[in-house]
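Sequence plus the predicted model coming up.
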Amino acid sequence: TPTGAPAARAAPCLAALLVAAAGAWLAVVHNPLVVTLPGFQLSFGAVAGGLALGQPLWTRWQRRGCPRALAVGTAFTLGAQLALLPLQARYWGDVSWTAPLSNLLGVPLGALVVGAGVLAGVAGWVWPAGGEAAGALAVLGARLLLGLGRFLGGPWSTWTLPPLHPGWVVPYCALLGIVALGSRGLLRAATARRLACACLIAGAAAAALQAWWAGGLLEVTVLAVGAGDAVVLRMPGSFAALVDAGGRAPDPGGFDAGRDVILPYLRRHGVGRLDLLVNTHPHADHLGGAVFLLRHLPVRTVLHGELPAAEAEGAAGAFAAAAGAAAGRVRAVVGQQILLDPRIALAVLHGPGPSPPVAAEAGPEGRAGGGVNDTSVVLHLAYGRVSFLLPGDLEVEGQRRLLARGVPAVDVLLFPHHGSRSALYPPLLDALRPCLVIFSGGGRPGLPHPDVVAEVTRRGAAVLRTDRDGAITLLTRGDDLTVRTARSGRSWRPCGML
């Protein structure tokens with residue numbers, strides 16, 4: 001019957017959705033925390049979106065004469081992309097517009113590679129020549145697949161997504177559900193329009209409420225960039241700053257903190273420009289990621305300590321060249337006050353004295369230039385009665401000079417030199433009296449050093465580590481402090497702050 005036709009057409013997809021839902025339920029029963037994993041969210045979200053949103057499209061296209069394989073492959077991919085937009089905005093900040101073509105060409109090639117590989121393994125036992133031919137076909141298919149990925153996966157193949165406000169996520173998903181039901185004739189057109197308008201209004205109201213709540217909120221995030229430091233200072237609608245930028249591998253395809261961690265984080269939070277980029281000292285694990293950022297993101301001002309010589313090799317030389325092209329470049333001087341916001345001051349407490357440029361970068365432990373760590377730019381961030389100290393890789397001699405110059409007590413300390421034993425100077429800890437100490441770049445052998453952790457905990461400070469806790473976010477309005485870690489997702493207040 002005409003009224004039963006939509007339901008009949010939807011039956012196969014409904015069955016597939018039920019199977020996917022059953023699989024998701026079994027996974028959640030086995031481990032409830034699996035729902036927090038990106039892989040789970042992306043896999044089941046893609047299946048649900050591809051079937052629920054894609055089926056009406058491929059049915060309509062087939063009626064108009066489109067080949068079934070082309071219609072199903074394209075429509076399923078589009079449905080999956082629409083369903084995954086919030087997750088793509090959350091995890092990467094961009095979407096690939098070549099994905100439908102990649103799937104159309106890649107899925108058959110993948111099936112060819114798998115099928116030919118299995119045939120080669122089986123036929124090789126009874127017919128070596130046939131197995132060899134099947135193996136050659138699998139290799140050819142794999143090369144074509146890799147070439148396709150390189151061609152369709154270049155930087156030009158993605159669009160940067162605007163940040164999707166959390167308040168829009170539920171209304172957006174509800175809107176997709178309305179579209180899926182309406183396209184199958186399971187909702188009247190007038191009802192679908194009313195529900196869609198309600199979703200749009202709810203999303204706008206939630207976004208406005210969140211923007212009002214976030215007013216005056218300073219967010220300090222110590223990113224997990226492996227062996228290095230990278231700290232983002234952000235007040236939505238006001239400013240965005242970055243202190244150090246982690247490292248990068250020497251080979252072009254290796255890890256780059258700027259490309260792989262920092263820029264995606266900034267995009268997810270709607271940051272399209274850095275007002276300030278600080279390099280505390282010219283070691284690769286603090287400036288390596290800055291090279292990519294300076295080339296791909298507008299940066300208003302670069303504040304630096306010792307600037308590498310232009311002829312320096314590796315990340316140091318690349319940073320010197322990129323920083324030289326920046327619109328504003330300022331050498332840090334003790335006593336500088338930088339107002340990030342009328343209420344928030346960033347003060348330089350320590351830095352390099354007048355000296356020639358550093359000839360070459362040193363390794364993470366500073367062995368190639370022992371004095372460079374002690375020239376680190378030390379920053380004191382104050383907002384109301386809450387304060388932070390970011391000391392770079394300052395070691396004992398530099399800490400003595402800092403203490404002699406005078407240093408205020410702070411609430412949060414990013415421990416210098418990633419918790420190295422050479423950066424442990426108990427008199428400075430006694431003067432700072434932090435209630436929370438963060439170790440960034442740990443996880444390498446001996447970092448943070450057990451003696452350092454023992455000295456910190458003996459003074460009653462809480463300890464967080466990026467290698468164990470992931471990115472660490474501190475939120476304050478100037479009279480309170482809330483801490484949230486990426487691994488646990490929970491929020492708590494250190495130091496007894498209310």
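That came in fine, so what should we check first?

hey, where'd the helices end up in the stretch 101-250 of the chain?
Ranges of helices in the stretch 101-250 of the chain, per DSSP state H, counting those that start in this stretch, are 128-152, 166-183, 189-214.

elements contacting the shortest one?
Helix 166-183 sits against helix 38-63, helix 68-91, helix 189-214, with contacts defined as 3 or more C-beta pairs under 8 Å, 6 or more residues apart in numbering; DSSP states H and E. C-betas here are computed from N, CA, C, even on glycine.

okay, these in JSON lines with distance to H281 next?
Shown next, in JSON lines, are the helices and strands packed on helix 166-183 (distance: least, C-beta to C-beta, whole Å):
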{"stretch": "helix 38-63", "distance to H281": "34"}
{"stretch": "helix 68-91", "distance to H281": "32"}
{"stretch": "helix 189-214", "distance to H281": "33"}
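
Turn the ones you listed into a markdown table, columns for distance to L109, mean pLDDT and mean neighbour count.
Listed next are the helices and strands packed on helix 166-183 as a markdown table, based on distance: least, C-beta to C-beta, whole Å; pLDDT from 0 to 100; neighbours: other C-beta atoms under 10 Å:
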| stretch | distance to L109 | mean pLDDT | mean neighbour count |
| --- | --- | --- | --- |
| helix 38-63 | 19 | 85 | 19 |
| helix 68-91 | 13 | 84 | 19 |
| helix 189-214 | 39 | 74 | 14 |
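
For S440, find the nearest of those helices.
helix 68-91 (21.6 Å; C-beta to C-beta).

Just checking the distance from the closest one to the centre of its chain.
Its chain's C-alpha centre and that of helix 68-91 lie 22 Å apart, by C-alpha atoms, centre = their mean, to the nearest Å.

what's the next secondary structure element after it?
strand 94-96 (DSSP states H and E).

For G135, give me its contacts.
By C-beta atoms under 8 Å, 6 or more residues apart in numbering, G135 lies in contact with 116-117, 120, 124.

Need the worst-confidence member of the residues you listed.
In terms of pLDDT, G124 ranks lowest among the contacts of G135, with 81.

For the residue nearest to it when sequence neighbours are not counted, grab the count of nearby residues.
Nearest non-adjacent residue to G124, counting by C-beta to C-beta, 6 or more residues apart in numbering: G131, 2.9 Å away. Using other C-beta atoms under 10 Å, G131 has 17 other residues around it.

what do you get for V19?
Based on other C-beta under 10 Å, the number of other residues close to V19 is 12.

still on that earlier bit, export the helices of the stretch 101-250 of the chain to JSON lines and tack on distance to H417?
Output for the helices of the stretch 101-250 of the chain, formatted as JSON lines (distance: least, C-beta to C-beta, whole Å):
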{"stretch": "helix 128-152", "distance to H417": "39"}
{"stretch": "helix 166-183", "distance to H417": "36"}
{"stretch": "helix 189-214", "distance to H417": "34"}
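
among those, which is nearest F292?
When the helices of the stretch 101-250 of the chain are compared by C-beta to C-beta, helix 128-152 sits nearest F292, at 19.5 Å.

Return the mean pLDDT over the closest one, rounded to an integer.
What helix 128-152 shows for mean pLDDT is 89.

and L464, what element?
Taking DSSP H and E as the criterion, L464 maps to strand 462-465.

close enough to count as contact, L432 and F388?
No. Assessed by C-beta atoms under 8 Å, L432 is found out of contact with F388, at 10.6 Å.

Overlap of the contact sets of those two?
Listed as contacting both L432 and F388 by C-beta under 8 Å, 6+ apart are 410, 413.

So between the two, which is more surrounded?
Set side by side, L432 and F388 show more neighbours around F388, with 27 against 22, by other C-beta under 10 Å.

F239: which of the helices and strands packed on helix 166-183 is closest?
If you check each of those against F239 by C-beta to C-beta, helix 189-214 wins as the nearest, at 13.5 Å.

The closest one vs helix 166-183, what angle?
170 degrees (axes from the mean of the first three to the mean of the last three C-alpha atoms, to 10 degrees).

From the centroid of this protein, which residue is nearest?
The centroid of the chain falls nearest to Y265 when counting by C-alpha atoms, centre = their mean (3.8 Å).

Could you export the host helix or strand of that residue as PDB, CA atoms only?
Here Y265 sits within helix 263-268, counting by DSSP H and E. Extracted C-alpha coordinates of helix 263-268, given in PDB (Å, rounded to 0.1, in the frame of the first residue of the first chain):
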ATOM      1  CA  LEU A 263      46.800  23.400  15.700                       C
ATOM      2  CA  PRO A 264      43.900  20.800  15.900                       C
ATOM      3  CA  TYR A 265      43.400  21.900  19.500                       C
ATOM      4  CA  LEU A 266      43.200  25.600  18.500                       C
ATOM      5  CA  ARG A 267      40.800  24.900  15.700                       C
ATOM      6  CA  ARG A 268      38.500  22.800  17.900                       C
END
